[in-house]
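**Student:** No letters, just coordinates:
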């Protein structure tokens with residue numbers, strides 16, 4: 001593979017940081033062309049804590065990633081490409097901002 005068609009960002013939160021996550025969500029929706037996923041108030045799939053997903057095209061990557069670096073409100077963020085290899089996308093190809101969380105990768109094996 002020589003190019004990445006799209007990315008996911010997973011914004012993690014807990015009960016104390018949910019307000020910050022909601023504010024970040026509103027700003028992301030107003031600034032970028034994205035597909036905003038649902039709120040998941042419990043662990044789902046490989047994600048060990050509450051989160052929501054932000055899907056975006058490769059052309060949004062530079063601006064969105066830089067903006068998140070400076071405006072993530074202390075929240076943990078996982079950004080990964082969508083290459084079709086879920087295990088590699090969530091591990092070798094992943095970029096973390098903030099705390100690196102231990103994902104449940106068994107579902108990809």
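**Tutor:** Received, thanks. Keep in mind the model is a prediction, meaning the values are calculated, not measured. Residues are numbered from 1 along each chain as shown.
**Student:** Residue 68 and residue 9 touch, don't they?
**Tutor:** Yes: counting by Cβ atoms under 8 Å, residue 9 is a contact partner of residue 68 at 6.7 Å. (C-beta placed from N, C-alpha, C; glycine too.)
**Student:** Find the residues that touch each one of these two.
**Tutor:** Here residue 68 and residue 9 share the contacting residues 77, 79, scored by Cβ atoms under 8 Å, 6 or more residues apart in numbering.
**Student:** So for these two, which residue has more residues nearby?
**Tutor:** Between residue 68 and residue 9, counting by other Cβ atoms under 10 Å, residue 9 is the more crowded of the two (25 against 21).
**Student:** ok, now which ones touch the more buried one?
**Tutor:** Shown in contact with residue 9 (Cβ under 8 Å, 6+ apart): 53, 54, 56, 64, 68, 77, 78, 79.
**Student:** one more time with 10 Å, if that's ok
**Tutor:** Contact analysis of residue 9 by Cβ atoms under 10 Å, 6 or more residues apart in numbering lists 28, 34, 37, 51-56, 60-61, 64-65, 68, 72, 77-80, 95, 97.
**Student:** That one sits in which helix or strand?
**Tutor:** Residue 9 belongs to strand 6-12 when assigned by DSSP states H and E.
**Student:** From the chain's centroid, how far away is the helix or strand bottoming out on mean pLDDT in the chain?
**Tutor:** Least confident helix or strand of the chain, by mean pLDDT, DSSP states H and E, is helix 86-90 with a mean of 95. When C-alpha coordinates are averaged (Cα atoms, centre = their mean, to the nearest Å), helix 86-90 and its chain have centres 13 Å apart.
**Student:** circling back to that earlier point, going on from the strand holding residue 9, what's the next piece of helix or strand?
**Tutor:** Immediately after strand 6-12, counting by DSSP H and E, sits helix 18-31.
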